[in-house]
Structure formats: C-alpha cells, structure tokens
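1. this is the structure alone, sequence omitted:
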C-alpha cells in the first residue's frame, strides 16, 4: 500500500513538472515571436544581383589576367555565400514567425502564414544547395554557380512575409531587403 501511495505522488509531481515546462515554453515562444521581426537582417538585393550576374563575371574574365580573375572571383563567391547565409537565416526566422501565426483564428492570416512557412522552408533548402555549390566554386573559380534561384525565392518569401505582416498589423512595415 505504501508503494502505491509513493507511485501516485511521484506521478502527480511528474505531471506537474511536465505541465509547468510546457506552459513556460509556450510563454517563451509567444514572447520570442514578438521579437522575431528584429532578428531579420535586410539584404541589399541589387548588390546580391550584381554578384550573381553572369555578364559581370564575363566582363571581369575578359578584363583581368587569369590569376587576378580567380582571386576576384573567390572574393565575390565569399560575398555571395554571406548573402545566401543571411537569406537562409532570415528564412529560419520567418518559419518561426509563420508557425506562430498559424494559431491565428483568422483564416486569411492562417493561409498567409502557411504560405510563408512553405516559402521559407523552400528557401532554406535552396540556400543549403546554393551554399554547397558556392563552396565548390571556391575550389574551382572558373565553374558556374546557382544562387539565382535563391534570389528569386527570397523575393517570393519577401512578398509572403509582407502579406502576413499587413494582415497581422497593417501599421508596421515588414522589409526583408535593404532600402536603396
């Protein structure tokens, strides 16, 4: 009989611990989602476009000696990797923002949040592939790269984030790209 009482008391304490942890995490998540907008780092889209421009690479290839072109190309690839990394980080933040907004009772907000999460997850996958290709191109600077899809997806994600932001709070602007 004493063993049964001890087991019941232990089960009640375990349940209370689990519930307190769940409630505290839920409160932390809601606080974090309010500050997630500040975690987004804007990207200068025009500078990023310049880095991935094939015509710019061709121009540099024609104008620079081969050794100097490889040095410049590697620097451009490192800068491109930095932009792609920031785009991937922004996508991760927007996944969390979208997941927090999915709980909304408004069907328009929930639909926009679902689209944002889908776009952000797709961009995360694309940034991973693009980073792998960029790092390979660092080893072989004369090879091509594929960051063009990243910038297209980033612009699509920016539109989805702006839509969700307007639906949730029309007064506060949402920007994923730097002002020109």
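-> Structure's in. What do you need? Computed from a prediction, not measured in an experiment: that's the story for all the values here. Numbering: from 1, shown residues only.
2. residue 103 falls within a strand, correct?
-> No - counting by DSSP: H, G, I helix; E, B strand; the rest coil, residue 103 is located in no strand; its state is coil.
3. over to it: give its phi and psi.
-> Main-chain torsions, residue 103, degrees, to the nearest 10: phi -80, psi 0.
4. please apply the same query to residue 43.
-> Backbone dihedrals for residue 43, given as degrees, to the nearest 10, come out at phi -120, psi 140.
5. hang on, isn't it packed against residue 88?
-> No - contact status for residue 43 versus residue 88: not in contact, 10.9 Å apart, counting by C-beta atoms under 8 Å. No exception for glycine: its C-beta is placed from N, CA and C like everyone else's.
6. name the residues contacting each of those two.
-> Taking C-beta atoms under 8 Å, 6 or more residues apart in numbering as the criterion, residue 43 and residue 88 do not both touch any residue.
7. which parts of the helix or strand hosting residue 59 are buried?
-> Element membership for residue 59, per DSSP states H and E: helix 54-63. Residues of helix 54-63 classed as buried by neighbour count (16 or more other C-beta atoms under 10 Å): residue 57.
8. which strands and helices lie in contact with it?
-> With contacts taken as 3 or more C-beta pairs under 8 Å, 6 or more residues apart in numbering; DSSP states H and E, helix 54-63 sits against helix 66-101.
9. for the helix it packs on, packing partners?
-> Helix 66-101 sits against helix 2-35, helix 45-52, helix 54-63, helix 107-139, helix 148-168, with contacts defined as 3+ C-beta pairs under 8 Å, 6+ apart.
10. distance to residue 73 and mean pLDDT added to these, as JSON lines?
-> As requested, these are exported to JSON lines (distance: least, C-beta to C-beta, whole Å; pLDDT from 0 to 100):
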{"stretch": "helix 2-35", "distance to residue 73": "39", "mean pLDDT": "66"}
{"stretch": "helix 45-52", "distance to residue 73": "11", "mean pLDDT": "86"}
{"stretch": "helix 54-63", "distance to residue 73": "7", "mean pLDDT": "88"}
{"stretch": "helix 107-139", "distance to residue 73": "8", "mean pLDDT": "85"}
{"stretch": "helix 148-168", "distance to residue 73": "16", "mean pLDDT": "75"}
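11. rebuild the ones you listed as TSV, extending it with distance to residue 81.
-> TSV is the format used below for the helices and strands packed on helix 66-101 (distance: least, C-beta to C-beta, whole Å):
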stretch	distance to residue 81
helix 2-35	27
helix 45-52	10
helix 54-63	16
helix 107-139	5
helix 148-168	11
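12. for residue 74, find the nearest of these.
-> Closest approach to residue 74 among these (C-beta to C-beta): helix 107-139, 5.8 Å.
13. now do the helix holding residue 59: everything it contacts.
-> Contacts of helix 54-63 (C-beta under 8 Å, 6+ apart): 50, 69, 72, 73, 76.
14. who's in contact with the second one?
-> Read that as residue 69. Taking C-beta under 8 Å, 6+ apart, we find residue 69 in contact with 60, 61, 141.
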